[in-house]
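S.K.: how does the following fold in three dimensions:
(chains A and B)
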Amino acid sequence: MVFCSFASLFNRTLLVVSGKGGTGKSLVSALLALMAADRGKRVLVVELAAQSQMNALLGPPGAPVLGHCETLLRPGISAINLNPQECFREYIVNYLGHPRLYETVFKHQTVASFINAVPGLGESMILGRLLYTARIQEPRRFDLLIFDAPASGHFLSMMQTPATIIEALTIGPLVRELERIREFLADPLAALGLYVTTTEALVVSETLEFLAQLRAQDIPLHLAGVIINKVFPPQENRAMCAETAQLLPRALAYLEQQQEESRQQRSALLSALAQQEVLEYMLSLPDMGPLSEPLSPSVCKQLMAALGAEEKGT
Amino acid sequence: MARDDAAQAGTVVQPHIAVLLGAGGVGKTTCGIALGIAAARQGRSVAILSIDPAKRLAAALGIPLSGELTTIALPPGAFAAGKESGSLGAAILDQKAVFDRMVQRFAPDEDTYQKILANKLYQAISARLSGSLEYMALAQLQDLVESGRYHMIVLDTPPDTQALDFLKRPNVLEHFMENRVMTWLIKPFHLAAKLGMGRLMNYGEKLMGGIARVTGVQSLHLVAEFLVLMQQVVAGFHRAGSSIQRTLQHPQTHFLLTTKVQRAALRAAASLATEMRALGFTVDRVLFNRCLPPEVAAELLGLDQRTSLPLALQHLRQRAVDEVELSAGFLAGLAAREEKPGVLTLREQEPLETLASLLVFSEEFADYLDDIFRE
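M.R.: Now for the predicted structure:
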């Protein structure tokens, strides 16, 4: 195995967090950002969402919704919600250094619709922006990027975009850029992926399907681990339950049924994952009930402790 | 027209269309299928179109991932008395199959069709790149509408960021096509690429030359060739585009905004509602999915707040309180801008992985269907 501790995740330049929708990708991204900031890293959380979550999770109460602008949310942690068209503009203006080309050519309405009509260009620009911020831009402003990536299916096609376009176009400047992007993503010392799941039956089956596709499709990203979110803690003592059983018979029955289902799914998931030799980390996050926003310090502490537990060499 | 003749013969139906929108993981696909089953059980002929890339539902329903409608046999006992004529078909769209079919349909001739299939860019994008499926799902929807064979069509949309691309697609295509300049711009380049870049003289060609500096001449040539070929397909598609737009705006098209009653999901739902409004569509129903069973919620809410509980039950009580407060807050937010959609509260279900459990869940939609078919 290449990596010996969970802490070594934070020595990468890019962590990519995916998972089925609603499993807690954004929560895990936020926790990783907090843990990295605790280690003195300058972190940028990158979102790609209709509605940004990081301002609510990590910002001060009432922080405005994030757009395509790096915004400091708390010491050491900034976030940005990327817009593909803006990434394209930055590519031409900042990276290629052709502001006039952009003004005269790419701002043109017709060219804009041309750009919209080329499939995969948006995805390429997003991935390119990750590489640019992580590796190219001087001076370097962040030590670690955490990409709160799209959900499973969209994630797979996004990660395949560079190879797809390289294969179709074969040569040219764009192909050279995409090759750099692919190399960056595929280097396990630079970039690693994490997949978030829960113990719901549908989510578990999608997780196993995702892992199978990841292997089958030659995705240029090393998946380092799976994080199982919303795991019920071991059952509390029966005496206490007996008391509440009188007060809340239906709620207790509901809860016990949910817990039982969750336990079964979790053990099915763990035994299936045990066969995935490539996975370095298999972590569990306890169910914390409905979360308040921004995340309270005590909730953060407990969840970060659960994430970091494995680094003590278990 | 054939369609009018058929209408006179009483065989054509203007379908009700239910479009499910929502963030990822809120249960859109499952709700869509349960809704379709419910309508079939009431004796209606129903088609479900899903573009859920997860294969589990295909497996649960026993249908292939092909884009073709496959009949789902419901047990005879599932139908209401006298409603055994109900039928259910579902298609889970497979990107490449649907794409090929649309190209075949809209390509002006066999030669163009073959050229497109041979184009490297087409081969790459049709199989793998995201985003192209929405174009095609809408075309397939329109086909089903025009067939006049369905009382109800349920359409499931992609999650998260892409959700509303769906509604924007017809507009993107229109922009692309209304720009006649596009043709003027691409065609000469396409020729010039064959004859040598020196021929790029006029302004439009200079623009393309600018693009070539970024992408490389060779790449641009391929892209241009692809776009020229596809333009004819897109033109055919565009002719269908305005009818798709009409279908989406038809009063019998209903947008169902699906969400869990949790802060992050509701935030995403609110942003979808805002965007929909900007695009000129209205949310007809909000589906609050996966809520606590009402008897459980009542018990928890009725409890003296000072009662100390084990942690897991504290969380459950908090969830009951949140469900009340957050759903009310969400609806108040919509009401503040004079949107008052109906609400359907759906309780958390057993894992919905089998037809039997979907049949049970489908009962939750019966009243809603009565509502829309009465209107």
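
S.K.: only C-alpha atoms for contact and neighbour calcs from this point on.
M.R.: Noted.

S.K.: residue ranges for the strands of the stretch 201-350 of chain B, please.
M.R.: B:253-260, B:285-291, B:342-347 (DSSP state E, counting those that start in this stretch).

S.K.: pick the most deeply packed of those.
M.R.: Most buried of those, by mean neighbour count (mean count of other Cα atoms under 10 Å in any protein chain shown): strand B:253-260, with a mean of 24.

S.K.: alpha carbons only: can I get it in CSV?
M.R.: In CSV, the C-alpha atoms belonging to strand B:253-260 read as follows (Å, rounded to 0.1, in the frame of the first residue of the first chain):
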residue,chain,number,x,y,z
THR,B,253,-47.6,19.1,-17.7
HIS,B,254,-47.0,19.1,-14.0
PHE,B,255,-43.7,19.8,-12.3
LEU,B,256,-43.3,17.9,-9.1
LEU,B,257,-40.5,19.2,-6.9
THR,B,258,-39.2,16.4,-4.8
THR,B,259,-37.2,16.9,-1.6
LYS,B,260,-36.3,15.4,1.7
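
S.K.: tell me what angle that strand forms with strand B:285-291.
M.R.: 30 degrees (axes from the mean of the first three to the mean of the last three Cα atoms, to 10 degrees).

S.K.: mind listing the strands strand B:253-260 pairs with, and their directions?
M.R.: Its sheet considered, strand B:253-260 pairs with strand B:16-21 (parallel), strand B:285-291 (parallel) by DSSP bridges.

S.K.: tell me which helix or strand comes right after the shortest one.
M.R.: Using DSSP states H and E, the next helix or strand after strand B:16-21 towards the C-terminus is helix B:28-41.

S.K.: so what does the helix or strand just after that next one touch, helix or strand wise?
M.R.: Sequence order places strand B:45-50 as the next helix or strand after helix B:28-41, per DSSP H and E. With contacts taken as 3 or more Cα pairs under 8 Å, 6 or more residues apart in numbering or on different chains; DSSP states H and E, strand B:45-50 sits against helix B:28-41, strand B:87-92, strand B:152-156.

S.K.: closest to B:Leu144 out of these?
M.R.: For the helices and strands packed on strand B:45-50, the distance to B:Leu144 is smallest for strand B:152-156, at 7.9 Å, taking Cα to Cα.

S.K.: any idea how far B:Asp322 is from chain A?
M.R.: Distance, B:Asp322 to chain A, by Cα to the nearest Cα, to the nearest Å: 8 Å.

S.K.: neighbours of A:Ala268, how many?
M.R.: By the measure other Cα atoms under 10 Å in any protein chain shown, the count of residues near A:Ala268 is 15.

S.K.: low pLDDT regions in chain A?
M.R.: A:1-4, A:108-119, A:235-241, A:277-278, A:310-314 (pLDDT under 70).

S.K.: apply 80 and report the result again.
M.R.: A:1-5, A:50-51, A:101, A:103-121, A:153, A:168-173, A:233-244, A:276-280, A:309-314 (pLDDT under 80).

S.K.: in it, what residue lies closest to chain B?
M.R.: Among the residues of chain A, A:Gly21 lies nearest to chain B; the distance is 4.0 Å by Cα to the nearest Cα.

S.K.: I'd assumed that residue was in a strand, is it?
M.R.: No - under DSSP: H, G, I helix; E, B strand; the rest coil, A:Gly21 sits outside any strand and is assigned coil.

S.K.: how many neighbours does it have?
M.R.: The burial count for A:Gly21: 22, using other Cα under 10 Å.

S.K.: do the one 5 residues further on as well
M.R.: Here the neighbour count serves as a burial measure; for A:Ser26 (other Cα under 10 Å) it reads 25.

S.K.: quick check: A:His98 touching A:Ile92?
M.R.: Yes - counting by Cα atoms under 8 Å, A:His98 does reach A:Ile92; the two are 5.7 Å apart.

S.K.: hey, where'd the helices end up in the stretch 1-150 of chain B?
M.R.: For the stretch 1-150 of chain B, the helices defined by DSSP state H, counting those that start in this stretch cover B:2-8, B:28-41, B:56-61, B:95-106, B:110-118, B:120-128, B:132-147.

S.K.: and the stretch 151-300 of chain A, which residues reach chain B?
M.R.: Within the stretch 151-300 of chain A, the positions near chain B by Cα under 8 Å from any Cα of the partner chain are A:151, A:153-154, A:157-158, A:160-161, A:164-165, A:167-175, A:200-202, A:205-206, A:209, A:232, A:236, A:240-241, A:244, A:247-248, A:250-252, A:254-255, A:288-290.

S.K.: a markdown table for the strands paired with strand B:253-260, including mean pLDDT?
M.R.: As requested, the strands paired with strand B:253-260 are exported to a markdown table (pLDDT from 0 to 100):
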| stretch | mean pLDDT |
| --- | --- |
| strand B:16-21 | 94 |
| strand B:285-291 | 96 |
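
S.K.: residue for residue, what is the longest helix chain A has?
M.R.: Taking DSSP state H as the criterion, chain A has its longest helix at helix A:249-274.

S.K.: can you give me the angle the very next helix or strand once past that one makes with helix A:249-274?
M.R.: The helix or strand immediately downstream of helix A:249-274 is strand A:281-286, counting by DSSP H and E. Here the directions of strand A:281-286 and helix A:249-274 differ by 170 degrees (the same axes, to 10 degrees).
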